[in-house]
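S.K.: model this:
(2 chains)
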Amino acid sequence: MIGLSHYLIVSAVLFSIGLIGVLRRRNLLMLFFATEVMLNAVNIAFAAISHFYGDLTGQMFAFFVIAIAASEVAVGLGILIVLYKKHGSLDLDNLASMRG
Amino acid sequence: MEKLVYIALFAPLVSSLFAALFGMMPKKQFVGVVTSILLGISFVASAILAHYVYTTEEAIKVTLMDWIGAGDLHIPFGFVVDQVSVTMMTVVTLVSTVVHVYSNGYMDHDKSFNRFFSYLSAFVFSMMVLVMSDNFAGLFIGWEGVGVCSWLLIGFWYHKPDVSREENPSISPSWAANEAFIMNRIADLGMLVGLFIVYWNTGSLQYDEVFAQLPHLSGSVLNAAALALFIGAMGKSAQFPLHTWLTDAMEGPTPVSALIHAATMVTAGVFLVIRANPLFSMTPEISYFIAVLGTFVAFFAASMALVNRDLKRIIAFSTLSQLGYMFAAAGLGAYWIALFHLAAHAFFKALLFLGAGNVMHAMDDELDIFKMGGLKKVMKWTYLYMGLASLALAGIPPFAGFFSKDAIIETAFNEGTYILWAILVVTAGMTAFYSFRQVFLTFEGDERYKKYGFHPHEVYRYVLIAMSPLAILAVIAGFFKGSFEAFVTELLPEYHMSEHTHHLAWLLGLVVLAFAVGGIVLAYKKYAKGLKRDEALEATWYYKLLANQYYIPNLYEEFISKPYAMISDIFWNRVDMKIVDATVDGIAKFLYGTGDGARRMQTGNLSNYLNWMAVGAVLLLAVAAISAAIIG
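M.R.: Numbering: from 1, shown residues only, chains lettered A, B, ... in the order given. Got it, this is the predicted structure:
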């Protein structure tokens, strides 16, 4: 039987993979993917807990997260295209113009 | 009548603001003329008010506006013109007008001519607020206002450098101004405490309400209030031990000395005692203390004047001495006599000072009377004026001083305080001696000034004419004693001599007169023929004691100023620099240090930032978990 804890473990594993992706990747596009992974990990947790309590608020919130994520990607990708046109690369190590 | 009250009060303010418009500009003659005219208007208004109060025998009360209203505290900006305040108003505006006209001549060559008139008129306005206010709060505002103007005017020549006491008995104007201000602050604390006591116990600061409440108060409260108020009066009227500022205040321009430090401001203390007479007559111990202190100061100041060589300081000591007389009278319950002496003294003392100003003007600001002599040939009008004023001061009939001072001395006899009486009589002789010592050394005898290369000359004619009202009043003011008594005793308690004193009055007057004439004759014998310095006398300890003002200024310097400077130095170097400043600097240094360290985090690499963010999130989570574990 697959219970709540299984879902939460999957969610935690996915979140960790996303977090490691955010920390280790150098390509901005990959960073976006990693962020999406983290958001969806949270969505899984929301849906699972919502089902566990029989309360639909959590699932509703997951929809909100998906909507926000979609708009974030739309804006983010636009910025990425501009950045790529300007610098010819999306490698973070080459984009360090704000060094203090 | 209400309009006249406002004209009398605000004409000096308008005058001051008008002169202030030109404050930074070079001399403008019309500033002096306009301010003098405005002061003249104020005088005329005061005189009409005086006549009105005299004929109708009723006080005028006006309320300009509500000033302070907070909770139960309600203080209106109100003014009262009654017998006492109208006397003060007339005296103040008259002397002020004369001094304003006089200053046109005296400050002729001064580059800050306009500024001077602005300050002088501002002083008159403050003084009018002081005397006209119908409550203690307004009086206090005027009290502080005259203090500030006095500070501004003593330090008028602030650019003059400091001179140490050892080289010169005088010091710098700015030093003297600060001394005067600080000494007055000390006394004003007493005054404030007095006001608080009055307010706490009566719930009001209006004179009439306060005085109506007095019979319900306990003796100790009354004593505390009277004593605290009198401490305020001691500072403003330069009574011992706060007297040293008055002689040092002579550093200011001479018209200032005449107006502020002789005729008006210094008498504010006496005015306060007279104004609060219901309070003081209910506290016989405090009143007796006032009388004793006044008598002591009268003698004490006169003794220092005996040997002083500084033209203005002699007159300043004499002012101190006469203030002592006024306090003696007020302390013995003869309030109207104190007020009478105040008015008469204002006339002849202002005249004396203005005469001294003429001499200074002629002698290029030289003040040492040992370097003068024989000036009567070139300055006969000034000699006449100063002679008249000195006769009045010495109490020779029929001049003003005779009537007022004799009444005070008679009061001391009438009260049975024979020791005070004896001291006051001796002081009257000393007064005559030092006044005429000064006059004879200045105007009679050999012309010592030639040796020092001075070319004295008489002042402008209009200045001499401007001084004439004071001269006339110094001569005739005494004849109005009877009507003055009838006028002010409408408000002030009457004071009658007993039958016994009444019978002896002529004898008492004769004793005083004998001392006064004796003083003059002695001065004539010693000094009129020329200055013969008596080296043996000058070397004696008592001569030195008097010449050094009983070493009191040195005492204050050694035991108050210097330790205070030392403590300040310790607090500055040890406490302020090492603790307060070090703490503030430490906080700043810590912030700089952490900022400098944290600067390295900003690599400009987004990946690094994300790593730091993750570290932060983990740390926050850890903190939340730990605190939850502890609290849970």
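
S.K.: what mean pLDDT does stretch B:183-202 have?
M.R.: Across stretch B:183-202, pLDDT averages out at 92.

S.K.: got a list of what B:Leu375 touches?
M.R.: Residues near B:Leu375 by C-beta atoms under 8 Å, 6 or more residues apart in numbering or on different chains: B:Val359, B:Ala362, B:Thr382, B:Tyr383, B:Thr442, B:Phe443, B:Glu447, B:Tyr449, B:Pro456. Where you see a C-beta, it was placed from the backbone N, CA and C, and this is true even at glycine.

S.K.: Could you pull up the contacting residues of the nearest residue to it once chain neighbours are set aside?
M.R.: Excluding its sequence neighbours, the residue lying closest to B:Leu375 (C-beta to C-beta, 6 or more residues apart in numbering or on different chains) is B:Phe443, at 4.9 Å. Each residue near B:Phe443 by C-beta under 8 Å, 6+ apart is listed here: B:Met372, B:Gly373, B:Gly374, B:Leu375, B:Lys376, B:Met379, B:Tyr383, B:Met386, B:Gly387.

S.K.: okay, the closest residue to the third one other than its chain neighbours: pLDDT?
M.R.: Spatial nearest neighbour of B:Gly374, chain neighbours left out: B:Glu447 (3.6 Å); criterion: C-beta to C-beta, 6+ apart. According to the model's per-residue confidence, B:Glu447 sits at a pLDDT of 82.

S.K.: what's the neighbour count on B:Glu447?
M.R.: 16 (other C-beta atoms under 10 Å in any protein chain shown).

S.K.: pull the longest strand from chain B.
M.R.: For chain B, the longest strand by residue count, based on DSSP state E, is strand B:60-70.

S.K.: Run me through the strand neighbours of that strand, direction for each.
M.R.: Applying DSSP bridges, strand B:60-70 is found paired with strand B:73-81 (antiparallel).

S.K.: Contacts for the partner strand next, please.
M.R.: B:5, B:9, B:49, B:53, B:59-69, B:89, B:132-135, B:137-138, B:199, B:205-207.

S.K.: returning to what we had before: looking at the contacts of B:Leu375, point me to the pair that's furthest apart.
M.R.: Maximum pairwise distance among the contacts of B:Leu375 (C-beta to C-beta): 15.4 Å, between B:Thr382 and B:Glu447.

S.K.: B:Ala329 sits in which helix or strand?
M.R.: helix B:311-331 (DSSP states H and E).

S.K.: list the contacts for A:Ile97?
M.R.: Not quite, residue A:97 is Ser, not Ile. By C-beta under 8 Å, 6+ apart, A:Ser97 lies in contact with B:Gly604.

S.K.: Show the contacting residues for residue 17.
M.R.: If you meant another chain, say so; for now it's chain A. Residues in contact with A:Ile17, defined by C-beta under 8 Å, 6+ apart, are A:Ala34, A:Val37.

S.K.: oops, chain B please
M.R.: B:Leu17 is in contact with B:Ser118, counting by C-beta under 8 Å, 6+ apart.

S.K.: ok, it to A:Ala48 distance?
M.R.: Applying C-beta to C-beta, to the nearest Å, the value for B:Leu17 to A:Ala48 is 83 Å.

S.K.: One more: B:Phe156?
M.R.: 89 Å.

S.K.: since we're on the residue of the stretch 451-600 of chain B found nearest chain A, how many residues are nearby?
M.R.: Closest residue of the stretch 451-600 of chain B to chain A, C-beta to the nearest C-beta: B:Arg599 (5.6 Å). Other residues near B:Arg599 come to 9 when the count uses other C-beta under 10 Å.

S.K.: Are we agreed that it is in a helix?
M.R.: Yes - with DSSP: H, G, I helix; E, B strand; the rest coil as the criterion, B:Arg599 is located in a helix.

S.K.: hmm, back to that, so the residue nearest to B:Gly374 touches B:Gly373, yeah?
M.R.: Yes - the pair B:Glu447 and B:Gly373 qualifies as a contact (C-beta atoms under 8 Å) at a distance of 5.8 Å.

S.K.: ok, back up a step: for the longest strand of chain B, which positions count as buried?
M.R.: Neighbour counts over strand B:60-70 (16 or more other C-beta atoms under 10 Å in any protein chain shown) mark B:Ile60, B:Val62 as buried.

S.K.: Now do it: everything it contacts.
M.R.: B:1-2, B:5-6, B:49, B:52-53, B:74-82, B:134, B:137-138.

S.K.: Among those, name the buried ones.
M.R.: B:5, B:49, B:52-53, B:75-82, B:134, B:137-138.

S.K.: what does chain B have sitting close to chain A?
M.R.: B:Arg599, B:Gln602, B:Thr603, B:Gly604, B:Asn605, B:Leu606, B:Ser607, B:Leu610, B:Asn611, B:Ala614 (C-beta under 8 Å from any C-beta of the partner chain).

S.K.: In helices only, show me those.
M.R.: Judged by DSSP state H, helices contain the following of those: B:Leu606, B:Ser607, B:Leu610, B:Asn611, B:Ala614.

S.K.: my hunch is that B:Ser204 is in a strand, does that hold up?
M.R.: No - applying three-state DSSP, one finds B:Ser204 to be coil, outside a strand.

S.K.: That one and B:Phe211 touch, don't they?
M.R.: No - between B:Ser204 and B:Phe211 there is no contact under C-beta under 8 Å: 10.0 Å.

S.K.: So those two - more neighbours on which side?
M.R.: Shown here are B:Ser204 and B:Phe211; by other C-beta under 10 Å, B:Ser204 has more neighbours (19 against 16).
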